[in-house]
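*Asks:* Show me how the following folds:
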Amino acid sequence: MAKSEIFAGLDIGSTKVCTTVAEIHDDGRVDIIGVGFVPCMGLRRGVVVDMDATTSGIRESVAIAQRVSGAEIHTALVGVTGEHISSLNSPGRIAITQEDHEVRREHVDRVLDASRVIVLPPEREIIHAIPRGFTIDGQAGIKDPVGMSGRRLEVETHIVTGSTSFLQNVLKSVAKAGIEVEETVLASIASGLAVTSQEERELGVAVIDIGGGTSDIAIFVDGEVYYTAVLPVGGGHITHDIAVGLQTSQEEAEKVKREAGCARVDMVEKGEMFQVAALGSSEPKSLPRHILAQLIEPRVEEILEMSKKEIDQSGYLGLLPMGIVLTGGSALLPGIVDSATRIIETPSRLEVPRGVGGMVDSVTSPMFATSVGLVKYAARHRMAVRDDGKSPSLLANVFTGIKKLFK
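*Replies:* Prediction:
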């Protein structure tokens, strides 16, 4: 195997397309060598609403990343999200019947296959099937049962599904841009890999990626994904609230949010002002900044309250010693971390992608979490194949039907 390989991660969001190119070394090191970032409004809440705009954004983002990195990009790992995504935990169990009762690789494959047998409507596909842990004769918490002895092997698998048609439209947009989809990865899983360490994922941590159209949640325990959810609300809804409240354009509202926005009214100093260009007016007007915060705070609290409900539903709200990690472009709002700590009642912090080298300064923002996570996902896969010739459980992506369709 070569000492390094080039991989690309493609994050197609509701407000932007980001392509990250990385050189992955044989020892697992990830060096960022190129980034392409362009605005794109072709998706809404993770669903393609304008295929031409989406394809154009992908093509432009990839072209920039190729120019910066000097590498040609023909394939990419693609992040997927959307309110159509759902998940469940499914058990599987088999008997070990041979005389020595030793668990072999074929037994693991069989029990995983058994856990994936679920009733799905014809319009849905499995994206991920991620083992949460194995049990042998009642002994739980086993990560790799191969070589152990027992009479009954069980597994609980976290299964992520999505709408076939919605996912097809994303893949069609990528294909029309001249890129082959190498792997599809749930965006929240990718973001989690980018902004948390393996130690944090072992102890227990929840990641909330607040994007433009959706907010993606992933809970990691014992190093694996235990729970995922997609909320149909994100930073774009905050921008819309500002546009309506201030009677301005979406573009101006987004600019004002980035330059003067605040997630908490009580953080705004008395007398602070900001400028906004209202529709139908040739001159910008000055307004008290607390008015802007009053428009932002309710939507931020809604996102965080919905996040708390999902995390509470997972059963792990009180079992996350590493707390809540906020990431995604909309997590940059001042005051949002304090609001998260108060509302979710768990210590929270803002994180940017870490654990990479190379052009680190190009990705030190929460908005690059998914695209960087995609190349870290590729690095994890490469290391697993090198070590033992099999993919780790996190990479048990069984989303092959749609990929075969395009091939």
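*Asks:* distance of Y377 from V256?
*Replies:* Distance, Y377 to V256, using Cβ to Cβ, to the nearest Å: 35 Å. Bear in mind the C-beta positions are built from the backbone N, C-alpha and C, glycine included.
*Asks:* repeat for D209
*Replies:* 23 Å.
*Asks:* Number of residues surrounding the closest residue to E83 other than its chain neighbours?
*Replies:* What sits nearest to E83 in space, not counting adjacent residues and going by Cβ to Cβ, 6 or more residues apart in numbering, is P232, at 3.8 Å. Here the number of neighbours of P232 (other Cβ atoms under 10 Å) works out to 15.
*Asks:* Kindly report the same for the one 4 residues further on.
*Replies:* Applying the criterion other Cβ under 10 Å, we find 21 residues in the vicinity of G236.
*Asks:* now swap in the one 10 residues further on and tell me
*Replies:* By other Cβ under 10 Å, 21 other residues sit near L246.
*Asks:* Ok, K270 next?
*Replies:* K270: 7 neighbours (other Cβ under 10 Å).
*Asks:* Now it: phi and psi?
*Replies:* Dihedral pair for K270: phi -60, psi 130, per degrees, to the nearest 10.
*Asks:* State the distance from it to P288.
*Replies:* Taking Cβ to Cβ, one finds K270 at 9 Å from P288.
*Asks:* And for D31?
*Replies:* 46 Å.
*Asks:* In this structure T364 contacts L350, no?
*Replies:* No - judged on Cβ atoms under 8 Å, T364 makes no contact with L350 at a distance of 11.8 Å.
*Asks:* Compare neighbour counts for the two and give me the winner.
*Replies:* The neighbour comparison of T364 against L350 (other Cβ under 10 Å) goes to L350, with 16 against 13.
*Asks:* Tell me what that one is bridged to.
*Replies:* Beta-bridge pairing of L350 under DSSP bridges involves L326.
*Asks:* what sits against it?
*Replies:* By Cβ atoms under 8 Å, 6 or more residues apart in numbering, the contact set of L350 is V325, L326, T327, A331, L332, I336, V337, P366.
*Asks:* what do you get for G355?
*Replies:* V30, A194, S197, K376.
*Asks:* Go through the residues you listed and say which is closest to D50.
*Replies:* Among those, A194 lies closest to D50 (Cβ to Cβ), at 27.6 Å.
*Asks:* S365 is in contact with that closest one, correct?
*Replies:* No - A194 lies out of contact with S365 (Cβ under 8 Å); the separation is 11.2 Å.
*Asks:* Those two - which one has more neighbours?
*Replies:* Comparing A194 with S365 by other Cβ under 10 Å, the one with more neighbours is A194, at 31 against 17.
*Asks:* helices or strands next to the helix or strand hosting the more buried one in the packing?
*Replies:* A194 is part of helix 187-195, with elements assigned from DSSP states H and E. Judged by 3 or more Cβ pairs under 8 Å, 6 or more residues apart in numbering; DSSP states H and E, the packing partners of helix 187-195 are strand 4-12, strand 75-80, strand 205-210, strand 215-221, strand 224-231, strand 324-327, helix 369-388.
*Asks:* Can you list the strands that the second one pairs with?
*Replies:* Which is strand 75-80. strand 4-12 (parallel), strand 180-186 (parallel).
*Asks:* Point out the most buried one among those.
*Replies:* strand 4-12 (a mean of 24; mean count of other Cβ atoms under 10 Å).
*Asks:* Quick one: name whatever helix or strand follows it.
*Replies:* The first helix or strand that comes after strand 4-12 along the chain, using DSSP H and E, is strand 16-25.
*Asks:* Could you list the paired strands of that following strand along with their orientation?
*Replies:* Strand pairing (DSSP bridges) places strand 16-25 next to strand 4-12 (antiparallel), strand 30-39 (antiparallel).
*Asks:* So which of the ones you listed is nearest A277?
*Replies:* strand 30-39 (18.6 Å).
*Asks:* Contacts for the closest one next, please.
*Replies:* Counting by Cβ under 8 Å, 6+ apart, 6, 15-25, 57, 60-71, 355-360, 362-363, 368, 371-372, 375-376, 379 sit against strand 30-39.
*Asks:* Selecting buried members of these in ChimeraX, what would you type?
*Replies:* Restricted to buried positions by 16 or more other Cβ atoms under 10 Å, the ChimeraX selection for the contacts of strand 30-39 reads:
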select :6,15,16,17,18,19,20,21,22,23,24,25,57,60,61,62,64,65,66,68,69,71,355,356,358,359,362,363,368,371,372,375,376,379
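*Asks:* The closest residue to G150 other than its chain neighbours and I336, how far apart?
*Replies:* In space, and not counting its chain neighbours, G150 is closest to I136: 3.7 Å by Cβ to Cβ, 6+ apart. I136 sits 44 Å away from I336, taking Cβ to Cβ as the criterion.
*Asks:* Quick check on these two: which one has the bigger neighbour count.
*Replies:* Neighbours were counted for I136 and for I336 using other Cβ under 10 Å; I336 has more, 26 against 18.
*Asks:* Would you mind confirming that that one is in contact with T327?
*Replies:* No - contact criterion Cβ under 8 Å: I336 and T327 do not qualify, at 11.1 Å.
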